[in-house]
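J.: sequence plus the predicted model coming up.
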Amino acid sequence: MRNCMKIKGMGMRNYFLMGCFCLLLPACMGGEARQEEQAADTLADTQWLQGVWLDDNTESPVFKIKGDSIYYASQINAPLKYDLKNDTLTIYGVETVHYPLERCQEQALQFRTPVGDMVSLHKSDNDSAFVALSVTGPEKKEVISKDLAVMYQGKRYRGYVYINPTSIKVVRPSLTEEGLTMDNVYYDNVIHICVYQGKQRLYAKDITRQMFSSVVPDDYLKMSILSDMDFIGVDAEGYHYLATLCIPDGASCYNVELTIDRDDQLSFSSADVE
């Protein structure tokens with residue numbers, strides 16, 4: 001049944017018809033004032049969607065709609081914008097995905113994923129079921145420090161690594177168990193490296209993920225985390241570190257060698273995938 005009409009009573013019937021279809025009305029006014037009016041109208045027309053929606057089969061919370069955003073039942077995803085028009089639920093994230101509606105009622109939603117799977121939801125009577133699963137900020141992590149001492153030509157060198165957590169977001173598109181698109185949010189690191197000979201500091205620099213753009217493909221780099229670094233030695237070419245960049249929850253990582261030459265110039269070797 002591809003409609004949003006099955007509501008008792010003509011008044012409620014018309015109200016929810018507007019909630020599903022009136023967003024198709026063309027704009028008759030231009031400018032910022034009209035945009036603000038449309039945003040207010042959209043929120044009013046979809047007021048019945050506000051709340052927590054549960055899977056019909058498992059009774060587990062799938063998402064919560066609050067205002068103009070959808071929040072999924074996970075601690076690592078970002079809220080996404082949505083709209084409901086043209087008999088379609090559209091969710092806007094890193095990717096824009098359209099879900100054709102089969103049914104929308106005050107207490108029931110049914111739509112298909114892009115691969116054709118049916119998703120059937122009903123509204124929860126208790127929004128508190130979703131509180132423990134709401135989106136949180138970055139975890140408080142301590143700085144990780146590592147060091148290694150090596151000998152070269154009778155001199156002792158020590159290389160240090162300090163992995164500093166940040167609030168820099170890295171967004172990776174993913175799917176829920178129901179096949180809905182979501183954007184998982186992770187947090188990047190900035191890694192400080194320095195080399196000493198005795199008490200003399202020979203080199204120090206903050207290393208960021210963006211610095212690897214010459215050796216790591218852009219599509220991989222933008223969804224990866226600068227996750228680790230090790231000091232690996234000194235030779236005639238200079239000081240050497242090995243960095244690891246990984247896509248969170250992914251199956252592969254890039255290992256990239258950093259070399260600091262005698263003129264303190266930093267270079268990156270070709271990337272290898274683990």
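T.: Structure's in. What do you need? Numbering: from 1, shown residues only.
J.: give the buried residues for the strand or helix carrying residue 165.
T.: Using DSSP states H and E, residue 165 maps to strand 155-175. By neighbour count on 16 or more other Cβ atoms under 10 Å, the buried set for strand 155-175 is 157, 158, 159, 160, 161, 162, 163, 165, 170, 172, 174. Just so you know, the C-beta spots here come from the backbone N, C-alpha and C atoms, and that holds for glycine as well.
J.: ditto for stretch 240-251
T.: 240, 241, 242, 243, 244, 245, 246, 247, 248.
J.: how about stretch 110-120?
T.: Of the residues in stretch 110-120, 110, 111, 112, 113, 119 count as buried by neighbour count, 16+ other Cβ under 10 Å.
J.: cool, stretch 202-214 as well?
T.: Buried positions in stretch 202-214, judged by neighbour count with 16+ other Cβ under 10 Å: 202, 207, 209, 211, 212.
J.: and if you look at stretch 184-191?
T.: 184, 185, 186, 187, 188, 189, 191.
J.: which segments of this structure make up each domain?
T.: Domains of the chain are assigned by automatic domain parsing as 10-133, 144-273.
J.: of the buried residues of stretch 240-251, which is the nearest to residue 62?
T.: residue 248 (22.2 Å; Cβ to Cβ).
J.: where does pLDDT dip in the stretch 51-200 of the chain?
T.: Across the stretch 51-200 of the chain, the ranges flagged by pLDDT under 70 are 75-77, 129, 131-139.
J.: quick one, helices of this protein?
T.: If you assign secondary structure with DSSP state H, the helices in the chain sit at 10-21, 31-45, 218-221.
J.: and the shortest one, how far out from the chain middle?
T.: For helix 218-221, the distance between its averaged C-alpha position and the chain's averaged C-alpha position is 14 Å (Cα atoms, centre = their mean, to the nearest Å).
J.: so what does it touch, helix or strand wise?
T.: Of the remaining helices and strands, none touches helix 218-221 by 3 or more Cβ pairs under 8 Å, 6 or more residues apart in numbering; DSSP states H and E.
J.: cutoff 10 Å now
T.: For helix 218-221, the packing partners by 3 or more Cβ pairs under 10 Å, 6 or more residues apart in numbering; DSSP states H and E come out as strand 238-246, strand 253-260.
J.: quick check: the residue in the chain sticking out farthest from the centre vs residue 69, distance?
T.: Most distant residue from the mean C-alpha position of the chain: residue 154, 48.8 Å away (Cα atoms, centre = their mean). Relative to residue 69, residue 154 is positioned 63 Å away (Cβ to Cβ, to the nearest Å).
J.: do the same with residue 200
T.: Taken as Cβ to Cβ, the span from residue 200 to residue 69 is 54 Å.
J.: look at the two and report which has more neighbours.
T.: The neighbour comparison of residue 200 against residue 69 (other Cβ atoms under 10 Å) goes to residue 69, with 15 against 7.
J.: in terms of mean pLDDT, which of the helices of the chain ranks lowest?
T.: Across the helices of the chain, helix 10-21 has the smallest mean pLDDT, namely a mean of 41.
J.: picking up where we left off before, the buried residues of stretch 202-214: which two are farthest apart?
T.: Taking Cβ to Cβ, no two of those sit farther apart than 202 and 209, at 24.4 Å.
J.: what count of nearby residues applies to residue 232?
T.: Count around residue 232 with other Cβ under 10 Å applied: 14.
J.: please name the residues that touch it.
T.: Counting by Cβ atoms under 10 Å, 6 or more residues apart in numbering, residue 232 touches 148, 150, 159, 239, 240, 241, 242, 257, 258.
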